[in-house]
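> here is my input, please return the structure:
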Amino acid sequence: MASVSATTIRLRAISIVLSIVFLAALGGGSAYAAGNAESRTITVTGTGSASGAPDIAVVRLGVESRDADVKVALATAADRTKAILAAVEGQGVAAKDLATVDYNVGFVSTVEGRLSAGASSTLPEGYYRVSDVAAVTVHDLSNLGAIVDAALSAGANEVQGIDFQIADSAGLEKAARQAAFEDARTKALQLAGLAGVRLGRVMSVSVGGEGRATPVMSFRSAALAAPAVSPGTLEVSATVAVVFAILS
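Numbers count the residues shown, from 1 in each chain. Below you'll find the model as predicted:
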């Protein structure tokens, strides 16, 4: 009896082990099937954009002075810059919205090369050039022309550009990304229909380059009337790459 009982126990143990192996095989097969199904994907790229009116302008105003005496050139540029900044502040621009962005001092030769060999090594004739550029942030665009005119009248002889911006562009960026995703989904649905399959869940999303088109105005003069500046609209764009699962 003891031998029969031991044999029965061993058979039951073997049966249990086989059952476990069989179930594990079934489970593994199901996991593989599911994984294999979701390995079939459609990858698309969507683009979108959103536009809005700018509410800030950054103007680069500069002065340039030239003189054979570097001290004179420096003093002239400094006096003109002070006058320009004072004129701009007189138009309601706050001091915190003024910043020097470029300052250069250099010697410009008016004679090419040095004197011939054997002669004196004296530096060639020329003059010193001093350039001072300030960035002026304008929050009231209706006063932009008057501000530029005041700077020109005060001695500015360079307007290197007017860069229009939107103070809070987060809303436009969000709208552009949403439009890009919708564009991607529309493309994926079309491709799924052409392939005769159903579109599944989103497997991954990656955001590509985001940028904006910024109109810039540039001119140079020693005496110009107040320019007629139109800020127009700024466009924010976005690109997304989306991977969708395919349902058979």
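
> strands of the protein, start to end?
For the chain, strands defined by DSSP state E occupy the ranges 41-52, 56-67, 98-109, 126-138, 158-165, 198-207, 211-213, 216-219, 234-247.

> can you put these in JSON lines and add mean pLDDT and mean neighbour count?
Backbone N, C-alpha and C define where each C-beta goes, glycine included. Shown next, in JSON lines, are the strands of the chain (pLDDT from 0 to 100; neighbours: other Cβ atoms under 10 Å):
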{"stretch": "strand 41-52", "mean pLDDT": "94", "mean neighbour count": "17"}
{"stretch": "strand 56-67", "mean pLDDT": "93", "mean neighbour count": "20"}
{"stretch": "strand 98-109", "mean pLDDT": "92", "mean neighbour count": "12"}
{"stretch": "strand 126-138", "mean pLDDT": "94", "mean neighbour count": "19"}
{"stretch": "strand 158-165", "mean pLDDT": "89", "mean neighbour count": "19"}
{"stretch": "strand 198-207", "mean pLDDT": "94", "mean neighbour count": "13"}
{"stretch": "strand 211-213", "mean pLDDT": "56", "mean neighbour count": "15"}
{"stretch": "strand 216-219", "mean pLDDT": "42", "mean neighbour count": "12"}
{"stretch": "strand 234-247", "mean pLDDT": "93", "mean neighbour count": "19"}
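
> could these go into CSV alongside distance to Lys187?
Output for the strands of the chain, formatted as CSV (distance: least, Cβ to Cβ, whole Å):
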stretch, distance to Lys187
strand 41-52, 4
strand 56-67, 36
strand 98-109, 43
strand 126-138, 41
strand 158-165, 32
strand 198-207, 11
strand 211-213, 21
strand 216-219, 34
strand 234-247, 9
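
> out of those, flag the one nearest Ala192.
Nearest to Ala192, of all the strands of the chain, is strand 198-207, at 4.4 Å by Cβ to Cβ.
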